[in-house]
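A.B. asks: sequence first, then the predicted structure, then my questions.
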Amino acid sequence: GGMVTLFTTLVYCAAAAIERKKSNDAVRKGSWRNYLILAAITTGSMWITNAAMQYLNYTTRIVAKSSKVIPTMILGTFMQGRTYGRDEYGCAILLVCGIALFTMGDVDAAPSFDPTGVVMIFVALFLDSAAGNFEER
């Protein structure tokens, strides 16, 4: 998991450098501090997600990661002061339930719910959500 995370992070950096070079973007949009915070959050989320695969099967990981909308909405409320209506929360819950039912429809893939893996994927979800909200802010 650590090597996959390192390689993915390096590919992200290379792709960003190529994009900036091709678009003649010589001016950074944020401070180095913000870039480092965002990089740490994103890399930490990837690492924890990959490490959780030792404790969870792929189906469980997909179901958990597809519920990212819930922590994103929660953190959006705290980090940016956003407000969501009951309809939006209801739609988010229905979306998560639908994805979970669709993914769990495969009878051959017996989900495993090791508590360590569940905690790790939960932390990764909140880090993912924090990264998205931090970028927007």
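C.D. replies: Yep, that arrived.

A.B. asks: got the CA coordinates for the lowest-mean-pLDDT helix or strand in the chain in CSV?
C.D. replies: None of the helices or strands of the chain scores lower by mean pLDDT, DSSP states H and E than helix 58-65, at a mean of 79. This file holds the C-alpha atoms of helix 58-65, laid out as CSV (Å, rounded to 0.1, in the frame of the first residue of the first chain):
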residue,chain,number,x,y,z
TYR,A,58,-12.6,-4.7,-2.3
THR,A,59,-16.4,-4.7,-2.2
THR,A,60,-16.4,-3.3,1.4
ARG,A,61,-13.9,-0.6,0.4
ILE,A,62,-16.0,0.4,-2.6
VAL,A,63,-19.2,0.7,-0.5
ALA,A,64,-17.4,2.7,2.1
LYS,A,65,-15.7,5.0,-0.4
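
A.B. asks: so for the following helix or strand past that helix, mean pLDDT?
C.D. replies: The first helix or strand that comes after helix 58-65 along the chain, using DSSP states H and E, is helix 69-80. Confidence over helix 69-80 (mean pLDDT, whole number) is 87.
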